[in-house]
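> no sequence on this one, just coordinates:
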């Protein structure tokens, strides 16, 4: 909390989760991801900037259409949310109201072979840069590669 020239901290119990592993910010939302305390399924929680939960994404048992492995980043676009699942090696897409649209495998989108999809950033033109690490085919090095995702 900033007050003139002073800064202080205060508790912000936005969601009571012991196993949160990702926090992302957009212009209008705070996005949290981790394991749900009750179900132990991976989930994404979309909160407004006051900390009020707006929706929950995922939180399905493994094998479900929206089951998640390990969410490493979530980006909000003008059309909804893109979730990066490092463990499952895919991108998941939801509309702005939380309706699930589908997912795409890394190999389908980028032609990659088992990368760790680790980070993303939304640019001012609405495109999203997706960063990942992948071993070279000859195993001589691990490279960090970046792809631009547009149209969502």
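Nice, I can see it. Keep in mind it's a predicted model, so treat the numbers as computed, not measured. Numbers count the residues shown, from 1 in each chain.

> Spatially central residue in this structure, please.
residue 74 (2.4 Å; Cα atoms, centre = their mean).

> Relative to residue 39, how far out is that residue?
Distance check for residue 74 against residue 39: by Cβ to Cβ, to the nearest Å, it reads 19 Å. All C-beta spots, glycine's among them, are computed from the backbone N, C-alpha and C.

> again, but for residue 31
Residue 31 is 19 Å from residue 39, by Cβ to Cβ.

> more neighbours, the two?
Ranked by neighbour count (other Cβ atoms under 10 Å), residue 31 and residue 39 place residue 31 first, with 22 against 11.

> Pop out the phi and psi values for that one.
With angles defined as degrees, to the nearest 10, residue 31 sits at phi -120, psi 120.

> partners of the helix or strand of the chain with the lowest mean pLDDT, with directions?
Across the helices and strands of the chain, mean pLDDT, DSSP states H and E gives its lowest value to strand 2-3, namely a mean of 88. When sheet partners are counted by DSSP bridges, strand 2-3 sits next to strand 6-7 (antiparallel).

> which residues does residue 58 contact?
Residues in contact with residue 58 (Cβ atoms under 8 Å, 6 or more residues apart in numbering) are 41, 42, 43, 44, 66, 67, 68, 71, 83, 92.

> and it, what are its bridge partners?
According to DSSP bridges, beta-bridge pairing links residue 58 with residue 43.

> For it, give its distance to residue 67.
Distance from residue 58 to residue 67, counting by Cβ to Cβ: 7 Å.

> list residues touching both of those two?
41, 42.

> Tell me where the model's unsure across the chain.
Along the chain, the parts satisfying pLDDT under 70 run over 12-18.
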